[in-house]
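> No sequence on hand, only this structure:
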């Protein structure tokens, strides 16, 4: 079997607040299709089943689901104030998805320069529930100033909200569980107020660590599920995959060529490439004077 850098066709979604591009997705109803090479036209999950050990890696070959989901989010309006569960709570609720830890790279900062990240120090479960009842949730939300190029860590249990004008690259556990706490009294296309999930949101919110570990100043996010690292390139670098895990590269500015001994693919801004674990040595060559990429790899959570 030939192993090469795999380009996936993004899945575009129109949202009430803007749009999402699911750049790397392996979900029954959101399945990416391979664009290039010997397996062009094949569904991503079918490709993985050809040889999980060599494609996902030896640490991940027995995974019951593809571990990561990569999105480009374009927020033309504010997203809801929301929170995600951890694995234990998702299992307790009988969810088919796992919990959801995620990380954001700020491609374009919000119009007012701030994201909603966590809660103010005095907030308790009781005060937040009272705020939900009387419509004063915004006064308990912490606002984090961000700029282009920042990485923001969003562990399960951290309340958050993406503000209008923001474009981000998001790497997360492969889960779509979101509990909405507040949604600005917004209505959907049919005029109905969108559902909130106050009981679940309060149950999973981490009130002890309201904003801790939110911003990763070092350019690296690492948790038990994945590692995300920022690469800024002005010249070619040579790297190699490990047999233990695949790599995903996400181009967030500029453009690059990904070269192996047999294949070359071009990666433009806001596109991603999947590098199977058995790919081996590859070179990243900036096409312009400078390019920025995110490098993600998953960890086994068996």
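Structure received. These numbers come from a predicted model, not from an experiment.
> ends of stretch 68-87, how far apart?
The first and last residues of stretch 68-87 sit 14 Å apart, counting by Cα to Cα, to the nearest Å.
> quick one: average pLDDT of that stretch?
For stretch 68-87, mean pLDDT is 98.
> try stretch 115-134
96.
> Start and end of that stretch, how far apart?
Start-to-end, stretch 115-134 (Cα to Cα) is 23 Å.
> what's it in contact with?
81, 137, 139-144, 146, 152, 154, 158-163, 166, 181-182, 196, 198, 202, 205, 207, 210-211, 214-215 (Cβ atoms under 8 Å, 6 or more residues apart in numbering). Backbone N, C-alpha and C define where each C-beta goes, glycine included.
> so how far is it from its chain's centroid?
Centre-to-centre, stretch 115-134 and its host chain are 25 Å apart (Cα atoms, centre = their mean, to the nearest Å).
> Pull out the buried residues from that stretch.
Of the residues in stretch 115-134, 115-119, 123, 127-128, 131-132 count as buried by neighbour count, 16 or more other Cβ atoms under 10 Å.
> Buried only: go through the contacts of stretch 115-134 for me.
Buried, going by 16+ other Cβ under 10 Å: 81, 137, 140-144, 146, 152, 154, 158-163, 166, 181-182, 196, 198, 202, 205, 210-211, 214-215, out of the contacts of stretch 115-134.
> Out of those, name the ones that lie in helices.
Those of the buried ones among the contacts of stretch 115-134 mapping onto helices are 198, 202, per DSSP state H.
> Considering the buried residues of stretch 115-134, which is situated nearest to residue 59?
Using Cβ to Cβ, residue 117 comes nearest to residue 59 of the buried residues of stretch 115-134, at 30.9 Å.
> so that closest one, which of the three states?
Classification of residue 117 using DSSP: H, G, I helix; E, B strand; the rest coil returns strand.
> On the strand side of things, show who the closest residue to it other than its chain neighbours bridges to.
Leaving aside its chain neighbours, residue 117 sits nearest to residue 144 (4.0 Å; criterion: Cβ to Cβ, 6 or more residues apart in numbering). Residue 144 forms beta bridges with residue 115, as assigned by DSSP bridges.
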